[in-house]
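The sequence and its predicted three-dimensional model are supplied below.
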Amino acid sequence: MVALKQELVDGAALVAGIGLVPLTQGNLSLRDPDSGHILMTPHDFSYEQMTTDDVLALDLAGNVIEGNREPSHESQVHLAVYERRADAMGIVHAEPIYTNLFGVLHKPIAPLHVGALIDVRGDVPVMPFAPSGSRQFGYDMLEVMGDRNAVVWANHGMLALGNSLQKAIHCTVMVEISAQLYHMALQHGEPHQIPQQYYDRLVG
Ligand SMILES: [Zn+2]
């Protein structure tokens, strides 16, 4: 369990270090494959100061199994994903600026970059605005996502999942790169999409 907690703390430091979760925004989690418990970053706590002692372990119902910090207010959203998506082993909720740009426009992020298409498995849809602190938000969000691995929350960041925390982080970075590329390309005209005929081969 300590090794998994360290993986979470290291992942959070990485995501914070590249500016995807300004100050104490966002949250990360991973699933312990042995116990089925979810390890998660606490509410409103500095990523720079975070150690394994600050990590919470939750069961799928949201009961705190380990940890003294206040659980993230978005823990129920993560738990909804772990409940419904057996392939989810890691989740990142981040606040990258270019992704948020499309979130305030309520405009899906086209998979212009091949890395984003592979990670996300399509465009990044936008979940209509709703308060994010409930299980129902998670279920509604999963409806919007379908079988994709990322979704923009209107006016409030994004969520990415993966079959490991590293994959979820990679997906988060690819979405932000794609959003930045899309924004810049739109200044010059209408960008070319990756041809649909290649989608199946690329997303597997
Ligand atoms: Zn949030």
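Yep, it's here.

How many residues are close by residue 70?
Residue 70 sits with 13 neighbouring residues when counted by other CB atoms under 10 Å. Where C-beta positions appear, they are placed from N, C-alpha and C, glycine not excepted.

right, and it touches residue 43 too?
Yes: counting by CB atoms under 8 Å, residue 70 touches residue 43, with 4.4 Å between them.

elements contacting the helix or strand where residue 137 lies?
For residue 137, the host element (DSSP states H and E) is helix 135-145. Packing partners of helix 135-145 (3 or more CB pairs under 8 Å, 6 or more residues apart in numbering; DSSP states H and E): helix 75-84, strand 126-127, strand 150-153.

if you set the cut-off to 7 Å instead, what comes out?
Applying 3 or more CB pairs under 7 Å, 6 or more residues apart in numbering; DSSP states H and E, one finds that helix 135-145 contacts helix 75-84, strand 150-153.

Now residue 9. Nearest residue, chain neighbours left out?
residue 50 (5.4 Å; CB to CB, 6 or more residues apart in numbering).

likewise residue 40?
Once flanking residues are discounted, residue 40 sits nearest to residue 29: 4.0 Å by CB to CB, 6+ apart.

what sits against residue 150?
Residues near residue 150 by CB atoms under 7 Å, 6 or more residues apart in numbering: 120, 124, 158, 159, 160, 171, 175.

Just give me the neighbour total for the residue lying closest to residue 1 once chain neighbours are set aside.
Spatial nearest neighbour of residue 1, chain neighbours left out: residue 32 (6.7 Å); criterion: CB to CB, 6+ apart. For residue 32, the neighbour count with other CB under 10 Å is 15.

Is it correct that residue 32 is in contact with residue 4?
Yes: with contacts counted by CB atoms under 7 Å, residue 32 reaches residue 4, the gap being 5.6 Å.

Need the overlap of contacts for those two.
Common neighbours of residue 32 and residue 4 (criterion: CB under 7 Å, 6+ apart): residue 39.

low pLDDT regions in this protein?
Along the chain, segments meeting pLDDT under 70 are nowhere present.

which residues in it form helices?
For the chain, the helices defined by DSSP state H cover 2-17, 75-84, 97-105, 114-120, 135-145, 165-186, 199-203.

Check the gap between residue 55 and residue 68 for me.
10 Å (CB to CB, to the nearest Å).

ugh, wrong one, I meant residue 22
In terms of CB to CB, residue 22 sits 25 Å off from residue 68.

now swap in residue 35 and tell me
With distances taken as CB to CB, residue 35 is found 19 Å from residue 68.

Backbone dihedrals for the residue nearest to residue 1, both of them.
Here is the backbone geometry of residue 32 (degrees, to the nearest 10): phi -80, psi 110.

residue contacts, it?
Residue 32 makes contact with 1, 4, 39 under the criterion CB under 7 Å, 6+ apart.

Residue 185: which of those residues is nearest?
Taking CB to CB as the measure, residue 185 lies nearest residue 39 of the contacts of residue 32, at 37.9 Å.
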